[in-house]
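Colleague: Need the 3D shape of this:
(one chain, ligands or ions: 1)
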Amino acid sequence: MRPADNGRIFCLGPSCRVNGIAYIAGMTVEISAGLYAHIPFCKNLCLYCDFYSKIGSGSEIERYLDSLTGEAALLGREYVGYRYDTVFLGGGTPSILEPVQIRRLFDSLRSAMRISTKAEITIECNPSSLTSESLENYKAIGINRISLGVQSFDDRHLRRLGRTHTAAEARAAFELVRRCGFDNISVDLIYGLPDQTLEEWTADLDQAIEFGPGHISAYNLIIEDETPFGELYRRGELDLPPDSFQGEMYATLKERLGGAGYARYEISNFARPGRECRHNLKYWRLEPYIGLGPSAVSSNLALRWKNKPDLDSYLRSLESGQPPPHETEELTPEKTRQEYIMLSLRLAEGLSLDELKTRYDYDLIRERGESLKALASNELVVIDGDRVRLADKGLFISDEIIVKLI
Ligand code: SF4
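Modeller: Purely as a prediction, here's the structure:
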């Protein structure tokens, strides 16, 4: 049985949240879950970024780590049946913490929650904040996956994005990570940058391929309203490539990475065999996860809750022993079914018509047969036995397609 089913069918608990203990035939069954801890501090705020983060001071970071420990303890007591086989330290910039602070954080997480000894443990790192000392410490703590926020290997674009590192620092960081013995490395890239040419994007891809990380995430730049880029865009001062050109960039991405042995397992994520991000797969496959910190999201498959993106109220609540302010949403069968369709179509494995019937009591052929037929005849989706997948032509316009099927 999938952990997801355990969570939904058998969980018992207080009225607010389900506590993650599964009982089958009188026996307690553990549930695999993902654990995310948000570090909402950066050295500098990038011009395009809308993640919840701020420039942190030393004492505030210390207070924050104490509060994160407090939240882990509260949730650890509530979700005693959860065993975490993926942990993701994201942000923000977790690598701006001192190694000793990261050790302290992991000691607290491990004492509050059951973290598997075989867990995939990722830390997001900014290339300018890595040293061999920090990497040696990460290894000793049990961190086994490094996610490097490179974004571009072109200094002109890095400056335009407001990144603090240079292309040379990104290259040096990658080599350092390898030298320190990490073999599970992910590199993040962004395309569709202001004034970016196809040649520049191809050069970024070729540079990433030359390093040979196991995993590459490549996201199309999205202009978020509440960012400096959002403001520049409103004033007409951002020269973004048109959609058709971004489609070409995406085609280049697939072709270049595909040719270098990276399989696209999600629309924006590519991996060599066995290097898919296990943590993110949990989100896309609707498995349970717990998120700690302001703006972090958790799901026990019956409810999803999001902590308010506000550091002050987060600190105040945890310092008085209370859960942080959060908003809770019930995951109704209809919502869960829509999310299953939406998320599984993002994956290369696609959705299973049988699973949709057995888990969600929904016959996609009966309910959306006409749309499905039209999409298939326009070569936007592929129907292959029990599986429906986005076809190559449909990948760059996935949102438009998904809307027709949910
Ligand atoms: S380093 Fe990452 S989290 Fe921080 S501002 Fe830049 S993109 Fe956002």
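
Colleague: Go ahead and list the helix or strand containing the most centrally placed residue in the chain.
Modeller: Residue closest to the mean C-alpha point of the chain, counted by C-alpha atoms, centre = their mean, is residue 280 at 5.0 Å. Per DSSP states H and E: residue 280 is located in helix 278-284.

Colleague: Heading C-terminal from that helix, find the next helix or strand.
Modeller: Counting by DSSP H and E, the next helix or strand C-terminal to helix 278-284 is strand 289-292.

Colleague: Which elements pack onto that next one?
Modeller: strand 31-39, helix 58-78, strand 297-299 (3 or more C-beta pairs under 8 Å, 6 or more residues apart in numbering; DSSP states H and E). Any C-beta I mention is one placed from the backbone N, CA and C, and that applies to glycine too.

Colleague: could these go into TSV alongside mean neighbour count, mean pLDDT and distance to residue 366?
Modeller: Converted to TSV, the helices and strands packed on strand 289-292 look like this (neighbours: other C-beta atoms under 10 Å; pLDDT from 0 to 100; distance: least, C-beta to C-beta, whole Å):
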stretch	mean neighbour count	mean pLDDT	distance to residue 366
strand 31-39	25	98	32
helix 58-78	18	96	40
strand 297-299	22	98	28
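
Colleague: Let's have the ones you listed in JSON lines, adding distance to the ligand.
Modeller: Formatted as JSON lines, these follow (distance: least, C-beta to the nearest ligand atom, whole Å):
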{"stretch": "strand 31-39", "distance to the ligand": "9"}
{"stretch": "helix 58-78", "distance to the ligand": "14"}
{"stretch": "strand 297-299", "distance to the ligand": "16"}
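
Colleague: which residues sit against the longest strand anywhere in the chain?
Modeller: Among the segments of the chain that qualify as a strand by DSSP state E, the longest is strand 114-125. Strand 114-125 is contacted from outside by 30, 32, 35, 82-95, 102, 109, 138, 142-149, 173, 177, 184, 186, 277-279, using C-beta atoms under 8 Å, 6 or more residues apart in numbering.

Colleague: from the residues you listed, which ones fall inside strands?
Modeller: Counting by DSSP E, the contacts of strand 114-125 place 32, 35, 82-91, 145-149, 186 in strands.

Colleague: Buried subset of the contacts of strand 114-125 as a PyMOL selection?
Modeller: To isolate the buried ones among the contacts of strand 114-125 in PyMOL, judged by 16 or more other C-beta atoms under 10 Å, type:
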select buried, resi 30+32+35+82+83+84+85+86+87+88+89+90+91+92+93+94+95+102+109+138+143+144+145+146+147+148+149+173+177+184+186+277+278+279
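
Colleague: Get me the contact residues on the stretch 51-200 of the chain for the ligand.
Modeller: Residues of the stretch 51-200 of the chain lying close to the ligand by C-beta under 6 Å from any ligand atom are 51, 53, 91-93, 126, 149.

Colleague: sorry, back to before: just the angle between the longest strand of the chain and helix 58-78, please?
Modeller: Orientation check (axes from the mean of the first three to the mean of the last three C-alpha atoms, to 10 degrees): strand 114-125 against helix 58-78 gives 150 degrees.

Colleague: Quick one: mean pLDDT for strand 114-125?
Modeller: In this model, strand 114-125 has an average pLDDT of 97.
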